[in-house]
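pasted the sequence and its predicted model underneath.
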Amino acid sequence: MDKTVELKLEGGTLVNRVMREVRQRIAGRALTPGAKLPSIRSFAETLSVSKSTIVEAYDRLAADGVILSRRGSGFYVAGHMPPLSLSEIGPRLDHAIDPLWVSRTSLDANDSMAMPGCGWLPSPWMPEAGIRRALRAMGRADGSSLTDYASPLGLKPLRQLLARRMGGHSIEAVPDQIMLTESGTQAIDLLCRFLIEPGDAVIVDDPCYFNFHALLKAHRAKVIGVPYTPNGPDLDRFADALSEHRPRLYITNSALHNPTGAVLSPVVAHRLLKLAEQHDLTIIEDDIFADFEHESAPRLAAFDGLDRVVHIGSFSKSLSASVRCGFIAARRDWIEGLVDLRIATSFGGGRLGAELVLFMLKDGSYRKHMDGLRTQLAKSMGDTIAKLKSLGLVPWIESRGGMFLWCKLPEGVDAAKIAQRGLGEGVIFAPGNVFSQSQAASSYMRFNVAQCNDPLIFTVLQRLIADQAASASF
């Protein structure tokens, strides 16, 4: 290939591309200190570039001290192991389309910021009075609940209650099939440690919850996005991904999908499980929004009987983000291995959080809170849809419940640019591409209707959309 042509490559030179690939492999631990780099010939074939491109890239990396050249032997990774950097694993992205961008900005926000892009309820919407009552009762209880580690599986009365609650969704699980965790995120982290190795392929929905991307990066998995429809994943594309990539795992929401608000249909669920059986695929069903539903949607774990489906949930979104309590329901022969992993990584569980959740579930305050919350969310959903439609945004679907709206922006408007500028004006938006593995959602945004009561959100959004339209007309 002519060198002049190489230098015209979109996104930078081929030499830069090779250097970026090596740095990413080192950051992701695929290449560790002292490891030998691929030979010039083999790496050129792998990346479909000339050998001279590899030579120049290796020379530049050696000059930077990233790798070492050993005469007659090849090139080796230099130095000590760098800290794991999620931003370096995969392509470098602008912060507005970084999977961690929304979480980072929302968690760091001060009280003056409007946060239509965040993924949780406003503090006044949470059952503060019930939590205070539970804490007072726990303060009068036996001291072991305040000071001791939890048992390996977690508080048994709560596991018994969770088993009954899952039965309401036709999921058959006995308490010994349930392990408590600190959160839904910890549940997925433990399952990834248990089920996959670095380099294994994992399917996610496109779009999906952005923290799935971040978690899978941390586990150095190969993430495969499959387009999501209003009824579930595109089954033809799903089958193609199974055949091409032979994934070990699929992570999804069956009910009130994040970010779209869609619900899996029974037909899609049955076909999906048949494909999973044919290709020996394990499915993690993240059900943290179960209590936000007005009507119960199909659950993969109910159809499957917790054979190849692992069912997880938590109370962070519905009760309190400060009370860390989630759970894993899985086949019996996996529970012991998961317990061992939990002990190895966090030793004892959060007994205090589990006791508080149990108290609120049993005294009826949680049920009353959720009844009122669903009504409040339904009103906010209608109000927010009306306001967004007036600005030219179109909901992908009108969700059957929950807090999320997935909306298409007016033609030609880029969500990442809106998010970047919005941050400077005190509004945190969630641009579509933070949810999209294929980066195909640049014209979409996710809105949390519970966080959309501030008129500033719509004033800023209207102005930024008009500014982009005006810029495009020149």
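Sure thing, it's come through. Nothing here was measured: the structure is a model prediction, and the numbers come from that model.

in stretch 103-112, which residues are buried?
Across stretch 103-112, burial judged by 16 or more other CB atoms under 10 Å covers Ser103, Thr105, Ser106, Ala109. Quick note: C-beta positions are derived from backbone N, CA and C, even for glycine.

sec struct for Val460, please.
For Val460, the assignment made with DSSP: H, G, I helix; E, B strand; the rest coil gives helix.

which two in the buried residues of stretch 103-112 are spaced the farthest apart?
Ser103 and Ala109 (10.8 Å; CB to CB).

quick one: classify Phe447 as helix, strand or coil.
Under three-state DSSP, Phe447 comes out as strand.

now the element after the biggest strand by length in the chain, going C-ward?
Ranked by residue count, the top strand of the chain under DSSP state E comes out as strand 222-229. Counting by DSSP states H and E, the next helix or strand C-terminal to strand 222-229 is strand 232-233.

what's in contact with that next one?
With contact meaning CB atoms under 8 Å, 6 or more residues apart in numbering, strand 232-233 is reached by Asp205, Val226, Pro227, Thr252, Ala262, Leu264, Ser265, Val268, Ala269, Leu272.

how deep is the residue lying closest to the third one once chain neighbours are set aside tucked in, by neighbour count?
In this case it means Pro227. Nearest non-adjacent residue to Pro227, counting by CB to CB, 6 or more residues apart in numbering: Asp234, 4.5 Å away. Using other CB atoms under 10 Å, Asp234 is surrounded by 17 other residues.

longest helix anywhere in the chain?
In the chain, ranked by residue count with DSSP state H as the criterion, the top helix is helix 365-390.

what's that one packed up against?
For helix 365-390, the elements it packs on are helix 128-139, strand 394-395, strand 404-408, judged by 3 or more CB pairs under 8 Å, 6 or more residues apart in numbering; DSSP states H and E.

tell me which of those sits nearest to Gly74.
Nearest to Gly74, of all those, is strand 404-408, at 49.1 Å by CB to CB.

for Gly392, helix, strand, or coil?
Classified using three-state DSSP, Gly392 is coil.

is it correct that it is in contact with Lys408?
No: Gly392 lies out of contact with Lys408 (CB atoms under 8 Å); the separation is 9.3 Å.

outline the domain layout of the protein.
As assigned by automatic domain parsing, the chain contains the domains 3-88, 95-119+368-473, 126-363.

mean confidence for the longest one?
So that's domain 126-363. Average pLDDT, domain 126-363: 94.

just how off-centre is that domain within its chain?
Relative to the centre of its chain, domain 126-363 is centred 12 Å away, using CA atoms, centre = their mean, to the nearest Å.

what's the end-to-end length of that domain?
16 Å (CA to CA, to the nearest Å).

returning to what we had before: using JSON lines, lay out the buried residues of stretch 103-112 together with distance to Asn211 and pLDDT.
As requested, those are arranged in JSON lines below (distance: CB to CB, whole Å; pLDDT from 0 to 100):
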{"residue": "Ser103", "distance to Asn211": "7", "pLDDT": "80"}
{"residue": "Thr105", "distance to Asn211": "14", "pLDDT": "84"}
{"residue": "Ser106", "distance to Asn211": "12", "pLDDT": "82"}
{"residue": "Ala109", "distance to Asn211": "17", "pLDDT": "78"}
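
which of the residues in stretch 19-33 are buried?
Those buried within stretch 19-33 under the rule 16+ other CB under 10 Å are Met19, Arg20, Val22, Arg23, Gln24, Arg25, Ile26, Ala27, Gly28, Leu31.

for these, which one is nearest His294?
Ranked by distance to His294 (CB to CB), the buried residues of stretch 19-33 are led by Gly28 at 42.4 Å.

tell me the spacing between the closest one and Asp176.
Distance, Gly28 to Asp176, using CB to CB, to the nearest Å: 37 Å.

for the record, mean pLDDT for stretch 388-395?
Averaging pLDDT along stretch 388-395 gives 97.

show the end-to-end separation of it, please.
Termini of stretch 388-395 sit 8 Å apart (CA to CA).

buried residues, it. List them.
Neighbour-count burial for stretch 388-395, counted by 16+ other CB under 10 Å, picks out Leu388, Gly392, Leu393, Pro395.

over to stretch 54-74?
Of all the residues in stretch 54-74, those buried under the rule 16+ other CB under 10 Å are Ile54, Glu56, Ala57, Tyr58, Arg60, Leu61, Val66, Ile67, Leu68.

could I get those in TSV, plus columns for pLDDT and distance to Ser438?
Formatted as TSV, the buried residues of stretch 54-74 follow (pLDDT from 0 to 100; distance: CB to CB, whole Å):
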residue	pLDDT	distance to Ser438
Ile54	94	28
Glu56	93	31
Ala57	93	27
Tyr58	94	31
Arg60	92	31
Leu61	93	29
Val66	91	30
Ile67	93	32
Leu68	91	37
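
thank you, goodbye.
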